[in-house]
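Q: Here is my input; please provide its structure:
(chains A and B)
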Amino acid sequence: MLGPYEYVVWLLCTVLESAVVVCAYKKDALRRYILLNVYMAASVVFSIARYNILSHYGFTSKEYLYFYYYSDSLLTIVLYFALMSLYSHIFSDLKAERYIRIGTLILFSGTALFSYAVVQQSSSKLVTHFVVELSQNLYFVGLVLTYILWAAVMKMRETRTRLIQLVLSMGVYFSLFAANFALQNLYQSRGNFFEFLTPLFGCFLPLSWAYTFWHLPEDARIVPSRLAVVPR
Amino acid sequence: MMAGVIFVFSAAALLQFFISYCRSLIAASSKQVLSAEVKDVTGIQRIASGDDFKRVMQLLQLCPERREDRNSVQAIGAYFSLLNFVRSTVARLVPSMRAWTESERGQCAYFAAVALERRISFSRDMLAQQMDA
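A: Residues are numbered from 1 along each chain as shown, chains lettered A, B, ... in the order given. Have a look, this model is predicted:
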């Protein structure tokens, strides 16, 4: 059952997700970062739909459970494509959009096949298990890809502050979730504590993106070597 | 075993992304020149020292809060605590780390001074609006 804390964080997260789209629209960044905004808009729509299903059928109902996992999987797929759109921005000077698109699809298919291979032994509810597995695996692929993207940003001396902050926020978001997931598995007896943190971490990405769109103009520039953890 | 490996990798990635994210916030403010009165109040002339941070944060808390910079000030506060931890542990053994943490702590103090400048001008604007009304 959801308590007041879960409802407040849920509402906060939905408001922040709407704020991202509004900030991007106000600052003329809606079309430039279209997939990022599609992800945030889809999150808001699914959030409202989830609330409707929850209030109609209840938290423990099959309807809510199925809708939650299927919508989560769809959102993860959109987030994966949003991340790949950041690759397109970073590599736009190299005219590599086509290769990035092909690479995105190959990697996505590979992750889907791997997820299928993991769940194929379970005879019942194959599709549901596949959806959950795919969502989890895409999160880890996302973390690795963000790390590679960050290395590319540093290597190519990318200077666009807004783009850099979008990439870094994604890195913090993915690593927060991965660390939380690993800790949940390591300390299963304290699962409640980590479950308490999960929705809070979900607020980080919309919060940082809204900040980035609102505060940083598209032409803001930064010296990338200043951001390296190891001084250059 | 697998969960442990994932944790080590994700914690290392988180640390790196968090540091870089905080530095990107700081870098945006480092170009801004402080006004003479903020320099007087904070005692920061050109280069800030890490020891100024606490004092500047206290001054910052005296000013009415701006919703826009609340999260970034909190993030830099967390980054400063992380730097203090590194300074009192790893940096004792590695001298180059000590110089790096000192420079970063100074940057944090400068960021706080820039936030203070913004809050002062925000308070002035509010006061002017009230006077007009």
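
Q: How about the residues of chain A by chain B?
A: By CB under 8 Å from any CB of the partner chain, the residues of chain A that approach chain B are A:140, A:143, A:146-147, A:150, A:161, A:164-165, A:168-169, A:171-172, A:174-176, A:178-179, A:181-183, A:185-186, A:207-208, A:211, A:214-216, A:220, A:222-223, A:226-229, A:231. From N, CA and C alone the C-beta is placed, and that goes for glycine too.

Q: switch to 6 Å and redo it
A: Proximity of chain A to chain B (CB under 6 Å from any CB of the partner chain) is limited to residues A:147, A:164-165, A:168, A:171-172, A:175, A:178-179, A:182, A:185-186, A:222, A:226-227, A:229, A:231.

Q: C-terminal to the helix or strand hosting A:Thr14, which secondary structure element comes first?
A: Taking DSSP states H and E as the definition, A:Thr14 sits inside helix A:4-26. Downstream of helix A:4-26, the first helix or strand assigned by DSSP H and E is helix A:34-57.

Q: Tell me which other helices or strands the helix or strand following that following helix touches.
A: Note on helix A:34-57: by DSSP H and E, the next helix or strand toward the C-terminus is helix A:62-90. Applying 3 or more CB pairs under 6 Å, 6 or more residues apart in numbering or on different chains; DSSP states H and E, one finds that helix A:62-90 contacts helix A:34-57, helix A:97-119, helix A:126-155.

Q: Packing partners of the last one?
A: Meaning helix A:126-155. Counting by 3+ CB pairs under 6 Å, 6+ apart, helix A:126-155 packs on helix A:62-90, helix A:97-119, helix A:161-186.

Q: Please name every helix or strand in contact with the last one.
A: Right, helix A:161-186. helix A:126-155, helix A:191-202, helix A:204-215, helix B:2-30.

Q: What residues of it count as buried?
A: For helix A:161-186, the neighbour count (16 or more other CB atoms under 10 Å in any protein chain shown) marks A:161-184 as buried.

Q: angle of it against helix A:191-202?
A: Using axes from the mean of the first three to the mean of the last three CA atoms, to 10 degrees, the direction of helix A:161-186 lies 170 degrees away from that of helix A:191-202.

Q: avg pLDDT for helix A:161-186?
A: Averaging pLDDT along helix A:161-186 gives 91.

Q: do the first one as well
A: Throughout helix A:62-90, pLDDT has a mean value of 94.

Q: ok and it relative to helix A:34-57, angle-wise?
A: Angle between the axes of helix A:62-90 and helix A:34-57 is 170 degrees (criterion: the same axes, to 10 degrees).

Q: just the second one next, same as before
A: In this structure, helix A:97-119 runs at an angle of 30 degrees to helix A:34-57, with the same axes, to 10 degrees as the basis.

Q: May I ask which helix or strand of the chain has the lowest mean pLDDT?
A: Went with chain A since none was named. Ranking every helix and strand in chain A by mean pLDDT, DSSP states H and E puts helix A:191-202 at the bottom, with a mean of 86.

Q: that's the wrong chain, I meant chain B
A: helix B:90-93 (a mean of 82).

Q: what number of residues lie near B:Ala112?
A: B:Ala112 has 28 neighbours, counted by other CB atoms under 10 Å in any protein chain shown.

Q: Skipping adjacent residues, who's closest to it in space?
A: B:Val56 (4.2 Å; CB to CB, 6 or more residues apart in numbering or on different chains).

Q: elements contacting the helix or strand containing that neighbour?
A: Following DSSP H and E, the helix or strand that holds B:Val56 is helix B:52-62. If contacts are counted by 3+ CB pairs under 6 Å, 6+ apart, helix B:52-62 sits against helix B:95-132.

Q: And the residue nearest the centre of chain B, how far from B:Gln61?
A: When CA atoms, centre = their mean is applied to chain B, the residue found nearest the centroid is B:Cys108 (3.2 Å). Counting by CB to CB, to the nearest Å, the separation of B:Cys108 from B:Gln61 is 15 Å.

Q: for A:Lys95, phi and psi?
A: Main-chain torsions, A:Lys95, degrees, to the nearest 10: phi 50, psi 50.

Q: Residue nearest the middle of chain A, spatially speaking?
A: What sits nearest the mean C-alpha location of chain A, by CA atoms, centre = their mean, is A:Leu79, with 4.6 Å.

Q: Done for today, thanks.
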